[in-house]
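S.K.: Attaching a predicted model along with its sequence, questions to come.
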Amino acid sequence: MPDADAKGEASDEAPQVGKDGMDRRRFLKMAGIGAGAVAILAIGSKFLADRIVPASADPRLRGSTSNSWVMMIDLSKCDGCGACTRACDAAHYVPSGQSWIQVYTVQDATGGTYHLPRPCFHCRNAPCVKVCPVGATYVDPDGTVLVDQTRCIGCRYCMAACPYNARFFNWTTPSYPPAALAHTYSPEEPWPTTKGVVMKCVFCAHHAREGTLPECVTGCPMGAIYFGNENEDAVTNGMGETLPFRKTLQTQGGFRWKEELGTDPRVYYLPARR
Amino acid sequence: MPQSDLERLTAPVRRTTWRFYAVVAPLAAIVALGAYAYYVQFTTGLGVTGMRDYVSWGLYISNFVFFIGVSHAGTLISAILRVSGAEWRKPITRMAESITVIAISVGALFPIIDLGHPDRILNLLFYGRIQSAVLWDFISIATYLTGSLLYLYLPLIPDLAAMREAKVGGRFRRALYGFLSMKWRDHPGQRWRLKRGIAIMAVLIIPIAVSVHTVVSWIFGMTLRVGWHSTIFGPYFVVGAILSGIATIILAMAVFRKVYHLEKWIKPLHFRNLGLMMLALDLILVYFTLSEYLTAAYGSESADTAWLNALAFGPYAYLFWGMVVGGLLAPVFILALTRVKSVAWLVVAAVCVNVGMWFERLLIVVPAMATPQMPVNWASYSPTWVEWSITAGAIAGFVLLYAVFSKLFPLVSVWEVSEETPEAKPTPRPVGEEVTP
């Protein structure tokens, strides 16, 4: 119908439209019902979320501590034997195909090679934590970056974001020995887990609080890996040798991998040759 | 509204021949294959794909970006042209808007297909972190889908009412049209409100569409990876999206015009105008591509150089040069040399553009992930039958949904093409409308 007719007919049509459409009262009523429904839905989903994961069970709500874990790896001592990786794999039932601490062979400018063990760097400004859409990966009060595998949706955005390839995915269901299957899962001791979630080095957070050293530290036959509390300014290796943390870094040319990215890692290296 | 228009434009809805089923049956079979492949992946885990810890995103994420790109057809054709008052758009808006809705629906499935734990998707609601670009995507795509559904639905109402009055279709479709047409009686007041609604949606949908493809690009841009960490990604992705959207609407127009004999409405003018728009956007994309790669190459940072070498001379060279020469440059020459006059050549150019854009999406996702970030060798990625089947299923599903759409609703907006008064003039608000008892 051409719009030219519109003006002429409008006065006759107006009441008709009122019947078909909405008057103010009806609109307000509907809006009220709508707002009520939204409120009920919101409260209901919060209630449901609390039932599914009770807030008290959330390990990240542990109170603040005086711990601030750091690791220092002396590359001049590392011979690339891979004992740290094996110790870690065994202790954490690391699914096959993953290496939470991986030893790379690096070629330096002179053509020589050295070995670079890479655990998760537990960055203070962690790109993986930033991008997680559901907060499955988080920083615990001791500064450790952990993954709650019961919340992870498996989007692998954290893996895309991590500049160090320190994250791994359960592409299929991991196979676990009976001892691992009997274990009660927690983000600090993440076994057993399912397929479709992201895994990584846990900095042996559970050990550290009890005063023992991480598996890779005690597993290193060269004593190349040191671990400690930044606030105590001391790091210890598997042989019981304790060094002053800051002073050692300052005097021996300590550095971090890809410092320029601004991720602020908790893992420091001492150069391979000095 | 002239009865003949309604009758001819709803002809595909009234009559379905065996040819339709001959097209639909193989499409449905391919969709079923994709569904089976997903079942295998769901039960076994993502290990059945070619993705691994280094290249942890592959075909699925590329398809996601591609389909969301195609969805920009609707926005551009109908919203931008409507806002700018281009009258020639009327016969093709419906086709464009339906591409939008179908492409978003198919594209939005891919991030879910890519999830390791799709059963936990609701965690996005329970624990969603607004700091994550994934959530930006979730919000903007949900908004875009809602908005474009509305934007498809509003201009459908008068046609649905006309079909209800003309008693088109069997019991199911009559009930559907009766329900969806919502007591539309073609009153001036109703028309006025409808046009207001459409105008508001047209303005709203443009920034939403731009934001959608921008945040899709930011998924990549926000990381620290070589090849992704680029400020140009937002506009680069948006232009690519509009380009592949136009290519898709050209293909749809060519196919439906032939199959449903729509020559009276879809004229050479439409092909020519869209061809010119495709040419313009192709040239803009050439410019963006040059900016993106030249800045990386000229600075020649070692990681950038490694990534570019892999693209230009390494394992991705075929895809890369296929994209640049076949998907970007060839269409420019085809469109320029034929002066956008030949529908057949236009279709060839549109196919080149769409295949090229799909390559481009893959080239953005995969080589950046395969570039070593630590002292290791290049990672490799080759998709498995599961990924190919799901991809084929998605493409077939897209065509299938479009075919089904064409059997439920007229592909050309009947009331808009029958309207004699140019819509460029604002419709006067009918007197007496303000006071409703």
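M.R.: Sure, I can see it.
S.K.: Now do B:Leu411 against B:Leu400, distance only.
M.R.: B:Leu411 sits 15 Å away from B:Leu400, going by C-beta to C-beta, to the nearest Å. Glycine gets a C-beta too; all of them are placed from N, C-alpha and C.
S.K.: residues contacting A:Pro192?
M.R.: Counting by C-beta atoms under 8 Å, 6 or more residues apart in numbering or on different chains, A:Pro192 touches A:Tyr93, A:Pro174, A:Tyr176, A:Ala180, A:Leu181, A:His183, A:Tyr185.
S.K.: Return the closest of these with respect to B:Leu308.
M.R.: A:Pro174 (37.3 Å; C-beta to C-beta).
S.K.: Tell me how many other residues crowd the nearest residue to the closest one once chain neighbours are set aside.
M.R.: Using C-beta to C-beta, 6 or more residues apart in numbering or on different chains and skipping residues adjacent in sequence, the residue nearest A:Pro174 is A:Pro95, 3.5 Å away. Using other C-beta atoms under 10 Å in any protein chain shown, A:Pro95 has 22 neighbouring residues.
S.K.: circling back: who wins on neighbours among the contacts of A:Pro192?
M.R.: A:Pro174 (21 neighbours).
S.K.: Could you pull up the contacting residues of the residue nearest in space to the middle of chain A?
M.R.: The structure's chain A has its C-alpha centroid closest to A:Thr137; by C-alpha atoms, centre = their mean the separation is 3.4 Å. A:Thr137 makes contact with A:Ala126, A:Cys128, A:Val129, A:Val145, A:Leu146, A:Val147, A:Asp148, A:Cys152, A:Cys158, A:Val198, according to C-beta under 8 Å, 6+ apart.
S.K.: Any residue of stretch B:214-229 touching chain A?
M.R.: Yes. On the criterion C-beta under 8 Å from any C-beta of the partner chain, stretch B:214-229 is in touch with chain A at B:Ile219, B:Phe220, B:Met222, B:Thr223, B:Leu224, B:Arg225.
S.K.: By mean pLDDT, point me to the weakest helix or strand of chain B.
M.R.: Least confident helix or strand of chain B, by mean pLDDT, DSSP states H and E, is helix B:3-9 with a mean of 81.
S.K.: Give the next helix or strand downstream of it.
M.R.: As assigned by DSSP states H and E, the chain's next helix or strand after helix B:3-9 is helix B:11-14.
S.K.: Now do the buried residues in stretch B:178-188.
M.R.: Buried residues in stretch B:178-188, defined by neighbour count with 16 or more other C-beta atoms under 10 Å in any protein chain shown: B:Leu180, B:Ser181, B:Trp184, B:His187, B:Pro188.
S.K.: Quick check on A:Met239: phi, psi?
M.R.: Per-residue torsions, A:Met239: phi -90, psi 10 (degrees, to the nearest 10).
S.K.: Now do the contacts for it.
M.R.: Each residue near A:Met239 by C-beta under 8 Å, 6+ apart is listed here: A:Gly223.
S.K.: Give me the distance between it and A:Ala224.
M.R.: Taken as C-beta to C-beta, the span from A:Met239 to A:Ala224 is 10 Å.
S.K.: ok, so of the contacts of A:Pro192, who is nearest chain B?
M.R.: The nearest member of the contacts of A:Pro192 to chain B, counting by C-beta to the nearest C-beta, is A:Pro174 at 9.8 Å.
S.K.: I figured the closest one hits A:Val197, correct?
M.R.: No. Taking contacts as C-beta atoms under 8 Å, A:Pro174 lies outside contact range of A:Val197: 9.8 Å.
S.K.: hang on, the earlier thing: I believe the residue nearest to A:Pro174 is in a strand; please confirm or correct that.
M.R.: No. Counting by DSSP: H, G, I helix; E, B strand; the rest coil, A:Pro95 is located in no strand; its state is coil.
S.K.: and it, what does it touch?
M.R.: By C-beta under 8 Å, 6+ apart, the neighbours of A:Pro95 are A:Phe168, A:Asn170, A:Pro174, A:Ser175, A:Thr193, A:Met199.
S.K.: Out of the buried residues of stretch B:178-188, which is nearest to chain A?
M.R.: Of all the buried residues of stretch B:178-188, B:Pro188 has the smallest distance to chain A: 3.7 Å, by C-beta to the nearest C-beta.
S.K.: all strands in the stretch 51-200 of chain A, in order from the N-terminus.
M.R.: With strands called from DSSP state E, counting those that start in this stretch, the stretch 51-200 of chain A shows them at A:69-74, A:102-107, A:113-118, A:137-139, A:145-147, A:167-169, A:198-200.
S.K.: returning to what we had before: quick check, pLDDT for the residue nearest to A:Pro174.
M.R.: You'll see A:Pro95 listed with a pLDDT of 96.
S.K.: Tell me the spacing between it and B:Val365.
M.R.: Distance from A:Pro95 to B:Val365, by C-beta to C-beta: 25 Å.
S.K.: again, but for B:Cys352
M.R.: 21 Å.
S.K.: same question, A:Asp148
M.R.: A:Asp148 is 27 Å from B:Val365, by C-beta to C-beta.
S.K.: So the two - more neighbours on which side?
M.R.: B:Val365 (26 against 22).
S.K.: Doesn't the more buried one belong to a strand?
M.R.: No. Applying three-state DSSP, one finds B:Val365 to be helix, outside a strand.
S.K.: Run through the residues that contact it.
M.R.: Per C-beta under 8 Å, 6+ apart, neighbours of B:Val365: B:Trp57, B:Gly58, B:Ile61, B:Ser62, B:Val65, B:Phe220.
S.K.: Mind checking which of the residues you listed land in helices?
M.R.: If you go by DSSP state H, those have B:Ile61, B:Ser62, B:Val65, B:Phe220 in helices.
S.K.: which among these gets closest to chain A?
M.R.: Of all the ones in helices among the contacts of B:Val365, chain A sits closest to B:Phe220, with 7.9 Å by C-beta to the nearest C-beta.
S.K.: What is the neighbour count of the closest one?
M.R.: 23.
S.K.: Roughly how far does the nearest residue to it once chain neighbours are set aside sit from B:Ser217?
M.R.: Nearest-residue entry for B:Phe220: B:Trp228, 4.0 Å, with adjacent residues in sequence omitted and distances by C-beta to C-beta, 6+ apart. Applying C-beta to C-beta, the value for B:Trp228 to B:Ser217 is 9 Å.
S.K.: Wasn't A:Pro221 part of a strand?
M.R.: No. Counting by three-state DSSP, A:Pro221 falls outside a strand, being coil.
S.K.: separation between the nearest residue to A:His115 once chain neighbours are set aside and chain B?
M.R.: Among residues not flanking A:His115 along the chain, A:Gly80 sits closest, at 3.4 Å (C-beta to C-beta, 6+ apart). Distance, A:Gly80 to chain B, using C-beta to the nearest C-beta, to the nearest Å: 12 Å.
S.K.: Contacts only, for A:Gly80.
M.R.: Residues near A:Gly80 by C-beta under 8 Å, 6+ apart: A:Val103, A:Thr105, A:His115.
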